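S.K.: Build me a model:
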Amino acid sequence: MRCSISTVAVAASSLLVKEVFAGRYDVQKRDTVVVTDAVIVTEEVTVYDYGTSTSTGEALAVATFTSDGVPVVIAAASSTPISSTTEAPAVLIQQTPTSSTPIPAPKPTTSTTPVPVVVPTTTEAPVVAPTTLVAVVSSAAKVVSAAVPIATSSSSTTSSSAKRGLAYNDVSLLSGFESSKSISWAYDWGSSSDGTIPSAFEFVPLLWGLASSFTSGWNAAATAAIAAGSTHLMSFNEPDLSSQSNISPADAAAGFLQYMQPFAGKAQLGAPAVTNGGSPMGLTWLGNFLDACTDCQIDFVCIHWYNGGDADAFMDYVDQAYTAGGNRPLWITEFQGEGDATAQNSFLETVIPQLDASPKVARYAYFMASDGNLLSSGTSLSALGTTFAFTD
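M.R.: Model (predicted):
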């Protein structure tokens, strides 16, 4: 069952936020930072859509804040587990105010009071309610298991220079993209592929965090992946976010030297994947990590981006990230436009040619290979998935 939670802003409002929670097998994928321009919201009504029924929460007063276009942390999401059957991205939908009254633009702040959301009582598995207006997707961990060889299926004609990749939870869904010549790699936020992937796709292991549940099996898993053909390894998922791997730049540098550096020369090594949150998150965290990890071999830099549907703003951020990463090749391992499928499709059609043409971008993966995103049902591609897989 998929449970969607829609938050509707009313009165002198300039922001409409739709929250949909996604669950990897065991851990929540949502965390909260503000990613919008100057915004005023006075009141919200939360509608919970359970497919066969809906429930409406009471109207809530909402604080006024602005970010001037710079993502700013508001609050971390609750760590309460969510249903493992939910699976969809958070989407930020920004609207033009209908009021003729000018909207004041107060200075950006990181201390905006979180806005509570009332969750109705149901008989279904609990869903974590966000405490702020806006959500940025973050990827959940997969506990490392014993290393096994990476299985691959029949051969394909994918170009080795293809930049596009797939972020997935269910390996069986990758077969829907097998005929694409533009997709060359895949990852699942873990160190092993959890099954057979198309032979044309490189599986890229990720050391999600520094907890022993991830590090204890990492060496064996990475070694097995390299033996099976993997040529890249990624490190630490959103260490700049407290509810994700939550690692300081100094600790991340030490962890990189301990767990990633031994594979230097055997595979290309990626810097931790940071959010697009404002300082001290995002590119600030990345810079501090690079300063602390001067003895590390870092071959490419990973970023995530969830900040509306402005293609120009996205490409500007790509340029900023490339510079912040010391002009290293850039991997965009999570990103997503805003709005419905039509709006997201338009966003993709605009940015794909630019990403493919950019010498700064080595690889990129749209969020994500799952129903309601790049897939419509099972292995059938959605219109969005078709655009991602087959746009030249």
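S.K.: Tell me how many other residues crowd residue 211.
M.R.: Other residues lying near residue 211 total 13 when counted by other CB atoms under 10 Å. Bear in mind the C-beta positions are built from the backbone N, C-alpha and C, glycine included.
S.K.: Contact partners for it?
M.R.: Counting by CB atoms under 8 Å, 6 or more residues apart in numbering, residue 211 touches no other residue.
S.K.: just checking, residue 311 touches residue 347?
M.R.: Yes: at 5.8 Å, residue 311 counts as touching residue 347 under the criterion of CB atoms under 8 Å.
S.K.: what touches both of those two?
M.R.: Residues touching both residue 311 and residue 347 by CB under 8 Å, 6+ apart: residue 337.
S.K.: ok, these two, which is more surrounded?
M.R.: In this view residue 311 and residue 347 are compared by other CB under 10 Å, and residue 347 has more residues nearby, 23 against 17.
S.K.: Show me the contact partners of the one helix or strand the more buried one maps to.
M.R.: Residue 347 is located in helix 341-357, with elements delineated by DSSP states H and E. Under the contact criterion CB under 8 Å, 6+ apart, helix 341-357 has outside partners 163, 309, 311, 314-315, 318, 332, 336-339, 361, 364, 366, 382-384, 387-388, 391.
S.K.: Return the members of the residues you listed classed as buried.
M.R.: Listed as buried from the contacts of helix 341-357 are 163, 309, 311, 314-315, 318, 332, 336-339, 361, 364, 366, 382, 384, 387-388; burial here means 16 or more other CB atoms under 10 Å.
S.K.: Which of those residues fall within strands?
M.R.: Within the buried ones among the contacts of helix 341-357, residues falling in strands by DSSP state E are 332, 336, 361, 364, 366.
S.K.: If the fourth one is in a bridge, with which residues?
M.R.: When bridges are taken as DSSP bridges, the partners of residue 364 come out as residue 164, residue 332.
S.K.: Let me know the closest of the ones in strands among the buried ones among the contacts of helix 341-357 to residue 290.
M.R.: Within those, proximity to residue 290 (CB to CB) peaks at residue 332, which comes in at 17.8 Å.
S.K.: Go ahead and confirm the closest one touches residue 305.
M.R.: Yes: using CB under 8 Å, residue 332 is in contact with residue 305, at 6.5 Å.
S.K.: Touching both of the two, which residues are there?
M.R.: Common neighbours of residue 332 and residue 305, counting by CB under 8 Å, 6+ apart, are residue 318.
S.K.: Backbone torsions only: list them for the closest residue to residue 170 other than its chain neighbours.
M.R.: Nearest residue to residue 170 in three dimensions, chain neighbours excluded: residue 370, at 7.3 Å (CB to CB, 6 or more residues apart in numbering). Backbone torsions of residue 370, given as degrees, to the nearest 10, read phi -160, psi 160.
S.K.: Kindly report the same for residue 203.
M.R.: Torsion angles at residue 203 (phi, psi; degrees, to the nearest 10) stand at phi -80, psi 130.
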